[in-house]
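1. The following comprises the amino acid sequence and a computationally predicted model.
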Amino acid sequence: MSLINTSVDTAIAIAERRSNRVGASVYSGRSRVVLERGYYALKSSTWMVVASGFVEPVIYLLAFGYGIGQFITGSTDGNGNPITYAQYIAPALLATSAMNGAIYDSTWNVFFKMHFGKIYNGMLSTSMGTLDVALGEISWALLRGLAYAIGFMAVVASMGLVPSLWGLLAIPAAVLIAFGFASVGMGVTSYLKNHQQMQWIQLVMLPMFLFSGTFYPLSIYPQFVQWFIQALPLWQAIELIRGLTLGILNLTMLGHVAYFVAMIIGGLFFTTRRLTALFLR
Amino acid sequence: MPKNAHKDSKERHRAVAAKKTKPEAMIIAKGLTKTYGDFKAVDSIDFTVHRGESFGLLGPNGAGKSTTMKMIAATSQRSGGELTILGKDPNSNGPEIRAHLGVVPQQDNLDRELKVWENLMVYGRYFGLPRKWLKVKIEELLEFAQLTEKRNSKTEELSGGMKRRLTIARGLVNEPEILMLDEPTTGLDPQARHILWDRLFRLKEQGVTLVITTHYMDEAEQLCDRLMVMDKGKIMAEGSPAELIKKYSSKEVLEVRFGSANNAQVAKELKGIGTRLEVLPDRILVYAENGEKCLEQIVKKGLHPVTSLVRRSSLEDVFLRLTGRTLVE
Amino acid sequence: MSIDIANEPKMTWTGAKTIVDPQRSIRRGSLYVAETRIKKMLKWWKSIVAFGLGNPTLYLLSIGIGIGSLVDSSLGPNAIDGVNYLTFLAPALLATAGIQGAMDEVTWPTLEGFVWDRTFFSMNATAITGKQIVNGVMMAAMARCVLQVFLYEMCLLAFGAISWQSVPILLLVCSAAGLGFAAIMLAFSASIKDDDDGMFALVGRFIITPMFMFSGTFYPITSMPIYLQWIGWISPQWHATNLGRAMSYGMPIEPWLLILHWALMLAMAIVGFSWAHRVFDRRLSK
């Protein structure tokens, strides 16, 4: 049987079908193939490493919520109702783990694929576009984030730390948050050249984690510091999830959602442009 | 392979074959230029590659070969000039052009997280090809690349030659019309090189257009119908290997060594022997129609080289003549 | 590059017999390794110093002062050990700095030495032995550890969380914890197979993080359920933290426990070194 030309039109026909659409040079509608790749790669990776991703926030919850929690009284849900300290920090830890997971996937993993694995060189020498790659990678990060969020929520809910049924919405909210962070994270990573620069990402993440109302209300800060923190994505994320798990809904939550939608759109645009500049210029 | 699925395309193929009386231009470059800042990596070059041809880009590292390849592969945008691939402009029709191409980069960029079979499957999926079709195709490709037994191996476990064959198989998964190979045998041992050449030769016989860069002369002579010698981003010469040798070199070359300290001194005394002399740090090359005769002349002068060798002229000599440099430095 | 015969470089050649003193390399092999590693580290000194000062500052502000204010306002100002929360927390964070600083120089760099760059193999191709590589890497790790602890101490002083007098002894305590843990981690890292770098993620999740969280770092170990307290008993973090608290603000401590803390950290170092020596020798001669 001939090795070539038996169906030579297939790959080409597939590519040409979209050629007149808007954005055809960056998007071929095949970002799901990146997920297929992720699935194959996952099959031969150490599953424990992947599966245990939600363990860290649980440990934090135990140590802070129950450990230090014994020494802390007088936490309230924002409407003045008393709650336990564990109930106060559990949603913050979910938001943080959504952020951390998304950032880890979109920075370290992407960094490795970009510089050592040369995975994107391979993908982009086919008829895939840069938006396919960006969307695909980010979706993969989100699937993982979704799994972790479900795992964490299962643990937290069984401990009685999610008093409201609205808390179920915290899972999609965590995915939205992860989407925002992953979109921006992947774009930022494309600028970084070595491991040491990668560490600087940590220098942004750690203070965000420590100061965004994770462990205590913002009210202990002076007003201008509060404004600054409120502009940061993690504070937005924590407020959104805390409102849901504690069942305190209000219109400002739509603002938080809008914040992340903006982050996603901006991040995707930025990442696609960067990938195009890096691999197709 | 499911027969009826491809009937239509087979007929088309026949139509294409019938039309193939005059060479069809696959790649046309006019004044093609690529600059990085002030540096001109490719400096206004013109060339055409025809269907079914095996076209070589020859030159030392940094000559602009890889940059040219990237522009053809629609993964690098040109800075100036015109480039048409299968009638399309790579700057605006990137994904469509890439659907026609198979790319084998200089450094294997196989997916290390995937096994051999998975590498081929995923790559085929990147083109949007159906899984069912790919499953059949992959068996053919594994056989072609002599990797059937390695289908479940991690790519790390493959030897250099196997990795390169897998990369080539991967580049063939979309049944490309043009296969682009950047330094296909660099870093491979002689045996692995010969296996690879054999595989590439078969592709050529099947009518795949090959575009190959190399800095190995023997490789260019083996594989290429037509060559473009590049240096510093420019084309130095173009033609078939035989034509180039005929035009820029003599029939034979005599290589003599007098010890690295003496070569320069001795070279002065050798003037007039052969048609041309080339003095290298470790040896002197005498270009002539008859190498043995030149050696006799040298010995008659009372000079006794440490070693001597008469060989046929090669592209290496062409390159030396054109640029005053050796290829592999 | 056209060929210029007149200016061909000339190489001098005396010969290894004359220029290499094998006895000297054998004596100083470890130092050469340490030198290489420290030079590598110095390339990133800005990051090391920035993180060395930045990390403690952030933790002190957030946990020490932020959470501290919650604790102090909930239970009164001197609820734990008769001191404020910041003072209680400081020795524990310091121990973390020592352990982390030393560990950073033995985990990924070891994988680099054996797998990515294979520098350990090229070192071993000279007169340097596997044991000397272990010792050299540990020297460099300890240099990093001491620096990191010292920077942390400067921050703690600025926050008024420790006293001037306790600086040297705390440095010693935290370095001992770093030494013990790093020696074991070095041996462990060297035992990791070529393609198993997911291992560090697991170690981070199941060993480092629990050790950090459940070793009496943020609250007295006795306030944890007894079935979790064993984590502290086997972790250098707790031994250094407890010693540090005794040294820093005079937390009452039994003399036998004092000796036990030191002894256990030292024992870890001894076990770690002998394990690492064995693993290195075996892997290099494979």
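-> Perfect, I can see it now.
2. From residue C:63, how far off is the residue of the stretch 51-200 of chain A found nearest chain C?
-> Closest to chain C within the stretch 51-200 of chain A is residue A:63: 3.6 Å, counting by Cβ to the nearest Cβ. No exception for glycine: its C-beta is placed from N, CA and C like everyone else's. For residue A:63, the distance to residue C:63 equals 11 Å [Cβ to Cβ, to the nearest Å].
3. shared neighbours, the two?
-> Shared contacts of residue A:63 and residue C:63 (Cβ atoms under 8 Å, 6 or more residues apart in numbering or on different chains): residue C:218.
4. hmm, back to that, tell me which residues touch the residue of the stretch 51-200 of chain A closest to chain C, please.
-> Counting by Cβ under 8 Å, 6+ apart, residue A:63 touches C:213, C:214, C:217, C:218.
5. Isn't the last one up against residue A:66?
-> No: taking contacts as Cβ atoms under 8 Å, residue C:218 lies outside contact range of residue A:66: 11.0 Å.
6. More neighbours: the two, which one.
-> The residue with more neighbours, out of residue C:218 and residue A:66, is residue C:218; 22 against 18, by other Cβ atoms under 10 Å in any protein chain shown.
7. how about the more buried one, secondary structure?
-> Assigned with DSSP: H, G, I helix; E, B strand; the rest coil, residue C:218 falls in the coil class.
8. Which residue, neighbours along the chain excluded, lies closest to it?
-> residue A:68 (5.2 Å; Cβ to Cβ, 6 or more residues apart in numbering or on different chains).
9. Find the nearest non-adjacent residue to residue C:257, please.
-> Spatial nearest neighbour of residue C:257, chain neighbours left out: residue C:242 (7.4 Å); criterion: Cβ to Cβ, 6+ apart.
10. would you list every one of the helices in chain B?
-> For chain B, applying DSSP state H gives helices covering B:7-19, B:65-72, B:94-100, B:116-126, B:131-144, B:160-171, B:190-205, B:217-223, B:241-248, B:263-269, B:291-300, B:315-323.
11. And these: which comes nearest chain C?
-> Checking those against chain C by Cβ to the nearest Cβ gives helix B:263-269 as the closest, at 4.4 Å.
12. what is the mean pLDDT for the closest one?
-> In this model, helix B:263-269 has a mean pLDDT of 80.
13. Please point out which parts of it sit buried.
-> Buried residues in helix B:263-269, counting neighbours by 16 or more other Cβ atoms under 10 Å in any protein chain shown, are found at B:263, B:264, B:266, B:267.
14. Would you tell me which one of the residues you listed comes nearest to chain A?
-> Among these, and counting by Cβ to the nearest Cβ, the member closest to chain A is residue B:263, at 43.4 Å.
15. and residue B:138, what does it touch?
-> For residue B:138, the contact set (Cβ under 8 Å, 6+ apart) comprises B:117, B:120, B:121, B:124, B:173.
16. is it possible to export the helices of chain B to a markdown table including distance to residue A:257?
-> Formatted as a markdown table, these follow (distance: least, Cβ to Cβ, whole Å):
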| stretch | distance to residue A:257 |
| --- | --- |
| helix B:7-19 | 49 |
| helix B:65-72 | 42 |
| helix B:94-100 | 34 |
| helix B:116-126 | 34 |
| helix B:131-144 | 37 |
| helix B:160-171 | 42 |
| helix B:190-205 | 54 |
| helix B:217-223 | 59 |
| helix B:241-248 | 66 |
| helix B:263-269 | 78 |
| helix B:291-300 | 82 |
| helix B:315-323 | 64 |
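17. which stretch among those helices comes nearest residue B:53?
-> Evaluated with Cβ to Cβ, the helices of chain B place helix B:190-205 nearest to residue B:53, the distance being 8.8 Å.
18. Quick one: distance of stretch B:147-164 to the chain centre.
-> Chain-centre distance of stretch B:147-164: 23 Å, with Cα atoms, centre = their mean, to the nearest Å.
19. can you give me the end-to-end distance of that stretch?
-> End-to-end distance for stretch B:147-164: 11 Å, by Cα to Cα, to the nearest Å.
20. Mind checking if that stretch is in reach of chain A?
-> Yes: judged by Cβ under 8 Å from any Cβ of the partner chain, stretch B:147-164 comes into contact with chain A through residue B:154.
21. how about that stretch: buried residues?
-> Neighbour-count burial for stretch B:147-164, with 16+ other Cβ under 10 Å as criterion, is recorded at B:147, B:150, B:154, B:155, B:158, B:161, B:162, B:163, B:164.
22. Stretch B:227-241 too?
-> Applying a neighbour-count criterion of 16+ other Cβ under 10 Å, the buried positions in stretch B:227-241 are B:227, B:228, B:229, B:230, B:231, B:233, B:235, B:236, B:237, B:238, B:239, B:241.
23. Enumerate the residues of the stretch 201-329 of chain B near chain A.
-> Counting by Cβ under 8 Å from any Cβ, the residues of the stretch 201-329 of chain B close to chain A are B:202, B:203, B:206, B:207, B:208.
24. Counting neighbours, what do you get for residue C:265?
-> Neighbour tally, residue C:265, other Cβ under 10 Å: 21.
25. Please report the distance of the most centrally placed residue in chain A from chain B.
-> Most central in chain A under Cα atoms, centre = their mean is residue A:178, positioned 2.2 Å from the mean C-alpha point. Here the criterion is Cβ to the nearest Cβ, to the nearest Å. By it, residue A:178 lies 22 Å from chain B.
26. chain center to the helix or strand where that residue lies: distance?
-> Using DSSP states H and E, residue A:178 falls within helix A:170-189. Averaged C-alpha coordinates place helix A:170-189 at 3 Å from its chain's average position (Cα atoms, centre = their mean).
27. Likewise for stretch A:23-31?
-> 22 Å.
28. next one: stretch C:10-23
-> Chain-centre distance of stretch C:10-23: 38 Å, with Cα atoms, centre = their mean.
29. Stretch B:194-202 too?
-> In this view, stretch B:194-202 has its centroid 13 Å away from the chain centroid, taken as Cα atoms, centre = their mean.
30. same question, stretch A:208-227
-> In terms of Cα atoms, centre = their mean, the centre of stretch A:208-227 is found 22 Å from the chain centre.
31. Enumerate every residue touching residue C:98.
-> Residue C:98 makes contact with C:145, C:148, C:149, C:174, C:175, C:177, C:178, C:240 under the criterion Cβ under 8 Å, 6+ apart.
32. Sitting in strands, which of those residues do you find?
-> Applying DSSP state E to the contacts of residue C:98, no entry is found in strands.
33. Distance check, the residue lying closest to residue B:35 once chain neighbours are set aside against residue C:252.
-> Nearest non-adjacent residue to residue B:35, counting by Cβ to Cβ, 6+ apart: residue B:79, 4.6 Å away. Plainly put, residue B:79 is 76 Å away from residue C:252 if you go by Cβ to Cβ.
34. Looking at the two, which is more packed in?
-> residue B:79 (15 against 8).
35. Go ahead and confirm that one touches residue B:32.
-> No: judged on Cβ under 8 Å, residue B:79 makes no contact with residue B:32 at a distance of 9.1 Å.
36. returning to that earlier point: can you dump the C-alpha atoms of the helix or strand hosting the residue nearest to residue C:257 in CSV for me?
-> Using DSSP H and E, residue C:242 sits within helix C:236-249. Only the C-alpha atoms of helix C:236-249 are listed here, as CSV (Å, rounded to 0.1, in the frame of the first residue of the first chain):
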residue,chain,number,x,y,z
PRO,C,236,13.7,18.4,62.9
GLN,C,237,11.3,21.3,62.6
TRP,C,238,9.8,20.6,66.1
HIS,C,239,13.2,19.9,67.7
ALA,C,240,14.6,23.2,66.5
THR,C,241,11.5,25.1,67.3
ASN,C,242,11.3,23.8,70.8
LEU,C,243,15.0,24.4,71.4
GLY,C,244,14.7,27.9,69.8
ARG,C,245,11.7,28.8,72.1
ALA,C,246,13.8,27.8,75.1
MET,C,247,16.7,29.9,73.9
SER,C,248,14.7,32.8,72.7
TYR,C,249,12.3,33.7,75.4
